[in-house]
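**Q** Just to be clear, the model below is a prediction. Sequence and coordinates:
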Amino acid sequence: MPLVDPIKKAIAQKRRLFVKICRECGARNAPTATKCRKCRSKNLRWKRIERRR
């Protein structure tokens, strides 16, 4: 069931796509994180986002 409401769609995309991933253990972290919540590593990256054309 696709989302039709653009506001709800934007909220869902922000929750699902804009997270940081730990390079050590692969855990999902908050966008504001500086350390991994699981292993306390500082080696974080942004989740890759596939851009549609």
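**A** Alright, I've got the coordinates.
**Q** For residue 11, see how far away the residue nearest to the spatial centre of the chain is.
**A** For the chain, the residue sitting closest to the mean C-alpha position, by C-alpha atoms, centre = their mean, is residue 19 at 1.9 Å. As judged by C-beta to C-beta, to the nearest Å, residue 19 and residue 11 stand 14 Å apart. No exception for glycine: its C-beta is placed from N, CA and C like everyone else's.
**Q** Same question for residue 32.
**A** Counting by C-beta to C-beta - residue 32 and residue 11 are separated by 17 Å.
**Q** Same drill for these two, tell me which one is more crowded.
**A** residue 11 (12 against 6; other C-beta atoms under 10 Å).
**Q** Quick check, residue 27 in contact with residue 41.
**A** No: at 9.2 Å, residue 27 does not count as touching residue 41 under the criterion of C-beta atoms under 8 Å.
**Q** Tell me which of those two has more neighbours.
**A** Taking other C-beta under 10 Å, residue 27 and residue 41 do not tie; residue 27 has more neighbours (16 against 13).
**Q** Identify the residues contacting that one.
**A** By C-beta atoms under 8 Å, 6 or more residues apart in numbering, the contact set of residue 27 is 21, 36, 37, 38, 39.
**Q** out of those, which are buried?
**A** 21, 36 (16 or more other C-beta atoms under 10 Å).
**Q** now the contacts of residue 27 as JSON lines including distance to residue 15 and secondary structure?
**A** Below are the contacts of residue 27 laid out as JSON lines (distance: C-beta to C-beta, whole Å; DSSP: H, G, I helix; E, B strand; the rest coil):
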{"residue": "21", "distance to residue 15": "15", "secondary structure": "strand"}
{"residue": "36", "distance to residue 15": "19", "secondary structure": "coil"}
{"residue": "37", "distance to residue 15": "16", "secondary structure": "coil"}
{"residue": "38", "distance to residue 15": "19", "secondary structure": "coil"}
{"residue": "39", "distance to residue 15": "23", "secondary structure": "coil"}
